[in-house]
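Undergrad: no sequence on this one, just coordinates:
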């Protein structure tokens, strides 16, 4: 095969992979991950070997500081981990290969934080509304407050259900109900 044809094939390969990495980055934004960090994960995922910050910087044409921040964020989400390679003194990183594990960790931590906040806010709102109702003389206002408190209690029940769902996801119990697809389709 001619060298030019090989270069064209490699270019097509890289372009195709880059499109998929862009999709990964876009989808990760659903979980509060910036597109640049999503791209970083995609590059690490498809890398044959663990990468240094310098290699990541070169691959993504971003600053070393951005790479460091991105690696730290991905590490906190358990999507990237340190790696070791004999003879390499710089820090190396590789992606978590188990996407199921990454999803359960990322989903759990993001949703747990927001759900706990919502539970606390609902409780505080109920407390404040009950105090207002106790002092209110307007019966129509009291009725509205008690109606809204019922809505907030309904919301609290939903958030408690969501916390249970998050627990099922984080514990891996979800895979009893929705099994993993371990083998790639051909």
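TA: Done, it's in. Remember, it's a predicted structure, so these values are computed and weren't measured experimentally.

Undergrad: Need the three-state assignment for residue 113.
TA: Following DSSP: H, G, I helix; E, B strand; the rest coil, the label given to residue 113 is helix.

Undergrad: how many neighbours does it have?
TA: Residue 113 has 11 neighbouring residues, counting by other Cβ atoms under 10 Å. Bear in mind the C-beta positions are built from the backbone N, C-alpha and C, glycine included.

Undergrad: ok, now how distant is it from residue 146?
TA: Between residue 113 and residue 146 the computed distance is 30 Å (Cβ to Cβ, to the nearest Å).

Undergrad: Residue 118 now?
TA: Residue 118 is 21 Å from residue 146, by Cβ to Cβ.

Undergrad: Check residue 44 too.
TA: As for residue 44, its distance to residue 146 is 54 Å (criterion: Cβ to Cβ).

Undergrad: next one: residue 168
TA: From residue 168 over to residue 146 the distance is 34 Å, taken as Cβ to Cβ.

Undergrad: Those two: who's more crowded?
TA: residue 168 (16 against 12).

Undergrad: Hmm, that one is touching residue 174, no?
TA: Yes. Assessed by Cβ atoms under 8 Å, residue 168 is found in contact with residue 174 at 5.1 Å.

Undergrad: Can you list the residue ranges for helices in the protein?
TA: Assignment of helices within the chain using DSSP state H yields the ranges 3-28, 35-46, 53-60, 64-76, 99-135, 139-171, 174-177.

Undergrad: For the ones you listed, give me CSV that also has mean pLDDT and distance to residue 91.
TA: Shown next, in CSV, are the helices of the chain (pLDDT from 0 to 100; distance: least, Cβ to Cβ, whole Å):
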stretch, mean pLDDT, distance to residue 91
helix 3-28, 89, 22
helix 35-46, 93, 13
helix 53-60, 92, 7
helix 64-76, 90, 8
helix 99-135, 92, 21
helix 139-171, 96, 28
helix 174-177, 94, 33
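
Undergrad: residue farthest from the centroid of the chain?
TA: Within the chain, residue 137 marks the point farthest from the mean C-alpha position, 48.1 Å out by Cα atoms, centre = their mean.
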